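Enquirer: Generate a structure from the sequence data that follows.
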Amino acid sequence: MTDPAHDHVGLTDTFASRRYFRKFEVITVHLLRVAANMQAEGAISKEEVKIVSRYLSGLLYTFRALSMKYLLVGRDTGRFFGSLAMDRRDSGFPVAAELMTMANDAQQAQRHLENMPSEAQLKHDMVRQIIGEQQVPTRLQFALSQRLYYEELMKGELFWARNDPESIWIGNTGDRRKFMLHWAVYDSQINLPVIYLMEVEDSGKTALPKDERRWPEVQAHLMAQSLGGLKLVTIAKGFDQDFDDLHPKRLKRFHVGPMYSSAYTEQSGPLRQVLEDAGAPEGQDWALAWTTEELESEDVVEERAGWFSTVEREVFALDPFGGRGAETGATHTQRSIILPQRPFQVLAEQDPPGFGDVRKFVVSRSGQVLRY
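Expert: Model (predicted):
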């Protein structure tokens, strides 16, 4: 077995680190446009777009906070504070430990800010050092970057390593309430953000979010099952078996990434060659994979529960083509890729095997996202 830490690299160069964060900020903005594009196609609903966009915006804020934390990496700041650790082989994203550390920092952000000079004071001191002492105020710049980092954490709405389940009422089906449950994790095995949506019918007496017994149990159950290695059908069946009065009708999972970049990552496969051959300028040398899995219930059967009662169990539809349903554990799986124009042109010219059924979202020079 190989140690995954061998594939982790620290971005110790100031300019490389800043380019990395700038690249991800641009990509995340494009992802929001892709989500809107998918809604226009009917691939996801308006409510689902709102939820997914919220998590994508959280990713944007997370990268913005980390960019402040590591703004002065590679400079002599008077103290060692490390560098961003990223997964260069599997995901192209920061390693999960970065988000765990960030969550701990968020708990203590207020205390740190209380003991720091204000932003105005730090800027005043910088000007005085530049003019009076004719020195680059690196240590003051570092202090300001850390203040901005903690301020970003205080704003909240970031994408954390664990984003616990929330519920949205979306209507009634007969005498049953219908909820959309959503949650997200930063999978520590593959260092990628994963978003989950589950449509549930509630036949309990008390509405699920107000049920002091069931709701905490549901939240704990779903977070425990949020592993990228688990098939959707395994997650849905486990939920169906554990909660007799909750009926999962649809489950979706969005894998955001991996990110491929000729400047930062070392993934194998056709995309690496495409990016190298494209020779795109800075900011255009990337591609991002996006995979959507969906599992739907197609029928209901009744099972005995004790001597005198029965419970409903869902029968889930699996992909019927070529037996792939048993392999993927999903009704539908759709792979997509988002990339700028020049890499897309090389991809179209080379036409590597395996990309025929992949949806391509191409970012134009003006920032428009076009579907091919």
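
Enquirer: CA atoms only for stretch 285-299, dumped as CSV, please.
Expert: Taking Å, rounded to 0.1, in the frame of the first residue of the first chain, the C-alpha atoms of stretch 285-299 are listed here in CSV:
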residue,chain,number,x,y,z
ASP,A,285,-4.7,25.6,-18.0
TRP,A,286,-7.2,23.7,-16.0
ALA,A,287,-10.1,21.3,-16.1
LEU,A,288,-12.6,20.3,-13.4
ALA,A,289,-14.5,17.0,-13.3
TRP,A,290,-18.1,17.0,-11.9
THR,A,291,-20.0,13.8,-11.4
THR,A,292,-23.7,13.4,-10.5
GLU,A,293,-25.1,10.1,-9.2
GLU,A,294,-28.9,9.7,-8.7
LEU,A,295,-30.9,6.9,-7.2
GLU,A,296,-34.7,6.8,-7.5
SER,A,297,-37.4,4.6,-5.8
GLU,A,298,-39.5,2.8,-8.4
ASP,A,299,-41.8,0.8,-6.1
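
Enquirer: what number of residues lie near residue 104?
Expert: By other CB atoms under 10 Å, the residues close to residue 104 number 9. (Glycine included, C-beta is placed from N, CA and C.)

Enquirer: SS state for it?
Expert: Three-state call for residue 104 (DSSP: H, G, I helix; E, B strand; the rest coil): helix.

Enquirer: That one and residue 112: what is the separation?
Expert: Distance of residue 104 to residue 112, computed by CB to CB, to the nearest Å: 12 Å.

Enquirer: any weak-confidence spans in the stretch 201-350 of the chain?
Expert: For the stretch 201-350 of the chain, residues meeting the criterion pLDDT under 70 lie at 267, 306-308, 319-326.

Enquirer: tell me the centre residue of this structure?
Expert: Geometric centre of the chain, nearest residue: residue 193, 2.8 Å, by CA atoms, centre = their mean.

Enquirer: Could you list the buried residues of the helix or strand it falls within?
Expert: Per DSSP states H and E, residue 193 falls inside strand 192-202. Within strand 192-202, the residues that count as buried by 16 or more other CB atoms under 10 Å are 192-202.

Enquirer: Could you do stretch 177-192 as well?
Expert: Buried-residue list, stretch 177-192, by 16+ other CB under 10 Å: 177-188, 190-192.

Enquirer: next helix or strand past the longest helix seen in the chain?
Expert: Longest helix of the chain, by residue count under DSSP state H: helix 14-41. Next along the chain after helix 14-41, taking DSSP H and E as the criterion, comes helix 46-69.

Enquirer: chain center to that next one: distance?
Expert: Helix 46-69 sits 8 Å away from the centroid of its parent chain (CA atoms, centre = their mean, to the nearest Å).

Enquirer: now the angle between helix 14-41 and it, please.
Expert: 180 degrees (axes from the mean of the first three to the mean of the last three CA atoms, to 10 degrees).

Enquirer: quick one, helix 46-69 and strand 192-202 angle?
Expert: Helix 46-69 runs at 150 degrees relative to strand 192-202, counting by the same axes, to 10 degrees.

Enquirer: can you map out the strands along the chain?
Expert: 8-11, 84-87, 162-173, 176-187, 192-202, 246-261, 286-305, 309-317, 332-340, 359-363, 369-371 (DSSP state E).

Enquirer: For residue 231, which of the ones you listed is the nearest?
Expert: With CB to CB as the criterion, residue 231 lies closest to strand 286-305 of the strands of the chain, at 8.6 Å.

Enquirer: what comes up buried for stretch 23-30?
Expert: 23-24, 26-28, 30.

Enquirer: now what about it, what contacts it?
Expert: 56-57, 59-60, 63-64, 67, 259, 261, 264, 283, 286, 288, 338, 361, 363, 367, 369 (CB atoms under 8 Å, 6 or more residues apart in numbering).

Enquirer: Distance to residue 139 for the buried residues of stretch 23-30 - can I get that in CSV?
Expert: Listed next are the buried residues of stretch 23-30 as CSV, based on distance: CB to CB, whole Å:
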residue, distance to residue 139
23, 28
24, 27
26, 30
27, 32
28, 31
30, 36
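
Enquirer: Output the below-cut-off pLDDT ranges for the stretch 1-150 of the chain.
Expert: In the predicted model of the stretch 1-150 of the chain, residues 1-7, 9, 75-81 satisfy pLDDT under 70.

Enquirer: and with 50 instead?
Expert: Along the stretch 1-150 of the chain, segments meeting pLDDT under 50 span 1-3.

Enquirer: that older thread, so which two of the buried residues of stretch 177-192 are the farthest from each other?
Expert: Using CB to CB, the pair of the buried residues of stretch 177-192 lying farthest apart is 177 and 191, separated by 36.8 Å.

Enquirer: Hmm, residue 314 and residue 236 touching each other?
Expert: Yes: proximity of residue 236 to residue 314 meets the contact threshold set by CB atoms under 8 Å, at 7.0 Å.

Enquirer: sorry, back to before: and residue 226, which of the strands of the chain is closest to it?
Expert: It's strand 176-187; of the strands of the chain, that one is closest to residue 226 (CB to CB) at 4.6 Å.
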